[in-house]
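Participant: Here is a sequence with its predicted model. Questions after.
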Amino acid sequence: MPSKGKQLKDLINAPKILIAPGVYDGYSVRLLEKLGFKSGSISGAGVSESHLGWADRGVMNYGDNVATCRQLAACSNLLLQGDADTGYGNAMNVFFTVRGFEDAGLAAVMIEDQIWPKRCGHMSGKAVIPAEDMVLKVKAAVEARRDPDFVIKARTDAAGPLGVEEAIRRLNLYAEAGADALYADALLSAKDIERVARNVPKPLVVNMGLGIRSRPTTPLMSPRQLEEAGVAQVSYPRLLTTAALKGMMNAMQVFMDEVVGKNAVVDRPDLVASFDEINEMMGMSFLEQLEKRFSA
């Protein structure tokens, strides 16, 4: 059977756009697999926010990140794509960072060219390192992988602070350094997305910022529109995190209003997943089979 990296690389290079929603915990990877998705993009912001309780501003370190990725890969058959932020240091550090994410069972890892501490791609105040320094990081990442098909994604955040032409220039340098896929973050128009896609030599990845519409960001486009613009993969990094938090907020508001406030007995199946639904999704049938096979 082809390696995870080879399977993902084939999907990214296929004519049809690859849809890889953002995942961050056991619920999200199990849900995507149940719905038939082939790949999920592990959201660095989602991991930082849900596991550490801090915004995506460089608080999460390598150990926190790779440990979570390993756990998600262990409970899922998805072709998971890791988010290694800036690589947690210089090019030498990137070498070992890539080794760690590949050894954790992922199919890909992404390195970005922001300065450290990084910011979520749609936050203001971003700055990038010199392109030449990022080229060295990409070269180190390519050399580090054990499987030659393990996908190295190189991301630039230069479009905001330095303009689209600089983003294109950098992505071409990163492709020449050996990156398998390119990621342009926070492009501000459909025209810019198409412009970048048509002027880089490797598959382009973009994200759609569902859940962050309070600020100017990448315009929302359908997968078909993105495919026609030349995009190879689209991720939705905040869709599940924002939906999960909103669901908890709604359920707790009812709880505070009715149960705490009015001392009432309230059960709202419309606000919660059932016990059976959770157990079915989280592999209970497999655990029961194991118990039967190996019980005394």
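Facilitator: Yes, it's here.
Participant: Residue ranges of each domain in this protein, please.
Facilitator: 4-241, 245-294 (automatic domain parsing).
Participant: Could you export those domains as TSV, including mean neighbour count and mean pLDDT?
Facilitator: Just so you know, the C-beta spots here come from the backbone N, C-alpha and C atoms, and that holds for glycine as well. As requested, those are exported to TSV (neighbours: other CB atoms under 10 Å; pLDDT from 0 to 100):
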stretch	mean neighbour count	mean pLDDT
domain 4-241	20	94
domain 245-294	11	95
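Participant: Now do the contacts for the closest residue to residue 201 other than its chain neighbours.
Facilitator: Nearest residue to residue 201, sequence neighbours excluded (CB to CB, 6 or more residues apart in numbering): residue 175, at 5.0 Å. By CB atoms under 8 Å, 6 or more residues apart in numbering, the contact set of residue 175 is 154, 182, 200-202.
Participant: The residues you listed: which two are farthest apart?
Facilitator: Spatially, the most separated pair among these is 154 and 201, at 12.1 Å (CB to CB).
Participant: Tell me how far residue 13 lies from residue 291.
Facilitator: Separation of residue 13 from residue 291 (CB to CB, to the nearest Å): 42 Å.
Participant: before we move on, what about residue 17?
Facilitator: According to CB to CB, residue 17 and residue 291 sit 42 Å apart.
Participant: Kindly report the same for residue 251.
Facilitator: On the measure of CB to CB, residue 251 and residue 291 end up 32 Å apart.
Participant: on that earlier part again, now, which of the contacts of residue 175 lie within strands?
Facilitator: Secondary structure defined by DSSP state E assigns 154, 182 of these to strands.
Participant: Closest one to residue 228 out of the contacts of residue 175, please.
Facilitator: Using CB to CB, these come closest to residue 228 at residue 200, 16.6 Å.
Participant: Skip the chain neighbours and tell me the closest residue to that closest one.
Facilitator: Spatially, and ignoring its direct neighbours in sequence, residue 200 is nearest to residue 171 (4.7 Å; CB to CB, 6+ apart).
Participant: Likewise for residue 199?
Facilitator: With CB to CB, 6+ apart, the residue lying closest to residue 199 is residue 168, at 5.0 Å.
Participant: for that neighbour, phi and psi?
Facilitator: The phi and psi values for residue 168, taken as degrees, to the nearest 10, are phi -60, psi -40.
Participant: show me what contacts it?
Facilitator: By CB under 8 Å, 6+ apart, the neighbours of residue 168 are 195-196, 199-200.
Participant: likewise residue 120?
Facilitator: Residue 120 makes contacts with 45, 55-57, as judged by CB under 8 Å, 6+ apart.
Participant: hmm, try it at 10 Å
Facilitator: Going by CB atoms under 10 Å, 6 or more residues apart in numbering, residue 120 touches 43-45, 48-49, 55-57, 126, 157, 185-186, 209, 212, 237-238.
Participant: How about residue 3?
Facilitator: Going by CB under 10 Å, 6+ apart, the list of residues near residue 3 reads 9, 79, 102, 107, 146-150.
Participant: Kind regards, and thank you for your time.
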